[in-house]
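> following is a predicted model, sequence given first.
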Amino acid sequence: MLGGVVIGVPLVLALLGPLFAGEPDPRGMSFALGDGHWLGTDFVGRDVWQQVLHGGRPVVLTALAATALAYAVAVPLGLLSALTHRRWLEELLMRPLDVLLAVPSLLLILLVASVFEPGAVGLALLVAVVNIPDAARIVRAAAAEVAARPAVEALRMQGETWWRMAVGYVGRATLRTLAADAGVRLTGVLYLVATAAFLGVGVAPDAADWAVMVDRNRTGLAVQPWAVVVPALLIVALTTGSNLLFDAALDKRSTQKERRP
Amino acid sequence: MNDELTQPDPVAEITNLRVEIDGRAIVDGVDLRVLPGKVTALVGASGSGKTTTGLALLGEYPPGARVTGDVRAPAGVGYVPQHPAAVLNPARRVSALLYDIARDRVRHLHRRERKAAARAHVLRALADAQLPDGEALLGRYPHQLSGGQQQRVVLAQALLLGARVIVADEPTTGQDALTKSRIVDELSAVAAQGIAVVLLSHDLDVVRALADDVLVMRAGQVVESGPPERLWVAPRHEWTRRLLDAQAPVAKDETVSDDAGTLLRVQDLTARHRDGSRGATVAVRVPELTLRAGECLAVVGRSGSGKTTLARCLAGLHRDHSGEIRLDGRALPRSLRQRDREQLAAVQYVFQDARSAFDEYRPVLAQVARTAVRLRGVDERTARAEALTTLTRLGLPEELAGRHPARLSGGELQRAALARALLAHPRVLICDEITSGLDTVTRRGILDVLAGLLRDRDDLSLVLITHDLDTARLAHRIAVLDAGELVEQGPAEQVLSEPRHPFTVSLTETTARLAAGT
């Protein structure tokens, strides 16, 4: 319930905000308060409220897309390497990822960005790629523990299909770990998207973007805190809300399951 | 009643204890007097409330429980749980685990004398807990000890605390006969020191050997109590009689025709366990073993003797072995991934721990039915109906079968596991210690099911993996494994009555000694 409200505010703002934002006002003074701007103006004198309304969509969409994409690759990889008995296959799948893991993610993003100059889609792809190695490792570690249970051997004795074993049981049993990881990862991805935006990868340096707003308006924090506090709070609400929501969903499931007659 | 007067005062006493959870009484009106130097046993099936009563002596109750009644117990009550590994910190050596407690007891001494005094305390506690070579164990971590040693370390901790009452929860469940008799010695030695022992057990042999006073519990109530001599000879309550009957040997089908063909033949099998990246230890070596159609073969051995590995080789769950396993003269692939549908169906395996062998997210019935769908190509609805029939026949009605595994008891799940394997219409059914974690009455139920299967299905052969000679009595032939070597095999009567190998002799003798109650 609480999770829903906490995540609802930034999500609604991000998705519907641009519809209500209207035409941009003429620019005013930098870091001014009042004067018809409820939340003051930002570092180039734009209305902060309008920027907030506009700035959610790119952050939220990029972060969500990147997280989803990372799992879309990491989950099959992790399950495959946890369930195979062929060591070479496991090595083949996991070792290249270890190499990727060794390179600092920001460095990798900057390196690729200097060559390709990606847009928002490119940024989502890049952030997803740098998140795959550790997501895959976590999936594999969680799945390996489940795959060693007698239940999996019993499924094999039944001649069960790989899909039913991997997704129907092992995947299902690792869901709790994955949900915990997804909450943390979304936060990490938001941070990475924000940092990349700050360094000018994927977005224009003065784009309406919560992450960019936090970074750009820092200089005026003492004069006009709202330009930093509001977008920062929205990002916090997004991550906290998603964590709360995951926790609530899992709690409900487990109490239903554990209740005995 | 002169006898009453000479009795010493009880060290702990429970009067009219009632523990309720959500309005349901799990312990109801229990009285218990614990006398120093005596062993008081609480006997009953799982869920009868004996653990709750035992834990009440420690002042522990299940969460959300409403407790009425009076519990009087001294400050030091030691508890030896069923799984001792769970209470030993795996990251610390045995010495650290014991010195932490000993340190409190030498606080009054001068700083310089403390270390030596603590060491003396620790060594004496280890000796009292029947670990005379305790010094050698001090440097080890809990996972480097056997289950029996872990149990004794926990006992030593309790003794170091100066416990005057020790509650031992199912100390012998799942142990082989030799280990059991050692536990009996250990607990009687503790009682001989004037410490009161409260034994919670469903193992009637051990109770008979140890207890001075027995309380039979059922559904939270004490239905009968008295000294074991009287209970065994003249049980008054019908439930006590059922518990005792469960010990009687299972009636078995004696007839396996001599011309029954060889169904499964194992030749020159050597199975290995890989240790890390290189090197392998031989887990089991079997030159030759045959199983005839319609026969029940028991593979007997202590824990660690390689009997489970042998069974897993047969089922294709352990790939790392050389030698041949032939079914009907055709070699079976080593790994079950290479076995085709027919071969998979022919050799089925039932796991020791039924709970972890089921998918906890799906109803039992759906999981059982999948065997028929996958291995026999039956359509979904027929499979479901067939699963239901089999489950009902094994004693699991539809209402229970539709539940998730978490809401079934261990015995019920084991029945479901048997049904799951049987739906494949197997020719060889391997049962790996399927009764070891169960209480006597439930175990008897499962054994009766197995005996019934042998009687009704002529084409079914059983391989019973067990450490328990009483279970092995069900079999036509017995093979004995010791430290990975097949030391003896032959007809059941012969192996049980005139064992040839010294290991088999010691196994049968210990079992007989436990059963005789000495």
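Noted; the coordinates are in hand.
> what about the strands in the stretch 401-518 of chain B?
In the stretch 401-518 of chain B, the strands defined using DSSP state E, counting those that start in this stretch lie at B:428-432, B:461-466, B:477-482, B:485-491.
> mean neighbour count and mean pLDDT for those - can I get that in TSV?
(Glycine included, C-beta is placed from N, CA and C.) Shown next, in TSV, are these (neighbours: other Cβ atoms under 10 Å in any protein chain shown; pLDDT from 0 to 100):
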stretch	mean neighbour count	mean pLDDT
strand B:428-432	25	92
strand B:461-466	25	90
strand B:477-482	24	90
strand B:485-491	18	88
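> and the longest helix along chain A, how far out from the chain's middle?
Secondary structure assigned by DSSP state H gives helix A:48-83 as the longest helix of chain A. Here helix A:48-83 is found 4 Å from its chain centre; the criterion is Cα atoms, centre = their mean, to the nearest Å.
> if you count contacts, what does that helix end up packed against?
Packing contacts for helix A:48-83, counted by 3 or more Cβ pairs under 8 Å, 6 or more residues apart in numbering or on different chains; DSSP states H and E, involve helix A:2-21, helix A:87-102, helix A:120-147, helix A:175-198, helix A:210-217, helix A:226-258.
> so where is chain A shaky, pLDDT-wise?
Within chain A, the stretches with pLDDT under 70 are A:1, A:22-26, A:28-32, A:34-37, A:43, A:205, A:252-261.
> now the residue in the stretch 1-150 of chain A positioned nearest to chain B. Nearest residue, chain neighbours left out?
Residue of the stretch 1-150 of chain A nearest chain B, by Cβ to the nearest Cβ: residue A:150 (4.1 Å). Closest residue to residue A:150 apart from its sequence neighbours, by Cβ to Cβ, 6 or more residues apart in numbering or on different chains: residue B:357 at 4.1 Å.
> neighbours of the one you found, just the number please.
26 (other Cβ atoms under 10 Å in any protein chain shown).
> who's in contact with it?
A:149, A:150, A:151, A:153, A:154, B:351, B:417 (Cβ atoms under 8 Å, 6 or more residues apart in numbering or on different chains).
> closest to residue A:225 among those?
Nearest to residue A:225 out of these is residue A:149 (Cβ to Cβ; 52.6 Å).
> the nearest residue to the closest one once chain neighbours are set aside: what's it in contact with?
Spatial nearest neighbour of residue A:149, chain neighbours left out: residue B:356 (5.5 Å); criterion: Cβ to Cβ, 6+ apart. Taking Cβ under 8 Å, 6+ apart, we find residue B:356 in contact with A:149, A:150, A:151.
> which parts of the stretch 51-200 of chain A sit against chain B?
The stretch 51-200 of chain A comes close to chain B at residues A:85, A:149-151, A:153-161, A:168-169, A:172-173, as judged by Cβ under 8 Å from any Cβ of the partner chain.
> one more pass at 6 Å, please.
Within the stretch 51-200 of chain A, the positions adjacent to chain B are A:149, A:150, A:151, A:153, A:154, A:156, A:157, A:158, A:159, A:160, A:169, A:172 by Cβ under 6 Å from any Cβ of the partner chain.
> and residue A:180, how far from chain B?
As defined by Cβ to the nearest Cβ, to the nearest Å, residue A:180 lies at a distance of 18 Å from chain B.
> burial of the residue lying closest to residue A:84 once chain neighbours are set aside, as a residue count?
Closest residue in space to residue A:84, ignoring its immediate chain neighbours: residue A:90 at 5.8 Å, by Cβ to Cβ, 6+ apart. Residues within reach of residue A:90, counting by other Cβ under 10 Å, total 17.
> surely residue A:90 meets residue A:82?
No: using Cβ atoms under 6 Å, residue A:90 is not in contact with residue A:82; the gap is 8.2 Å.
> need the contact list for residue A:63.
A:189, A:190, A:193 (Cβ atoms under 6 Å, 6 or more residues apart in numbering or on different chains).
> now with 8 Å, please.
Listed by Cβ under 8 Å, 6+ apart, the contact set of residue A:63 reads A:127, A:186, A:189, A:190, A:193.
> which one of the residues you listed has the most neighbours?
residue A:193 leads the contacts of residue A:63 on contacts (other Cβ under 10 Å) with 31 neighbours.
> touching, it and residue A:211? I think so.
Yes: in this structure residue A:193 lies within contact range of residue A:211 using Cβ atoms under 8 Å: 6.1 Å.
> mind listing the shared neighbours of these two?
By Cβ under 8 Å, 6+ apart, the residues touching both residue A:193 and residue A:211 are residue A:59.
> let me see the ranges of the helices in the stretch 201-350 of chain B.
Applying DSSP state H, counting those that start in this stretch to the stretch 201-350 of chain B gives helices spanning B:204-210, B:228-233, B:238-245, B:307-315, B:341-346.
> quick one on the thing from earlier: residue B:498: which of the contacts of residue B:357 is nearest?
Taking Cβ to Cβ as the measure, residue B:498 lies nearest residue B:351 of the contacts of residue B:357, at 33.6 Å.
> burial measure for that closest one, as a count.
By the criterion of other Cβ under 10 Å, residue B:351 has 26 neighbours.
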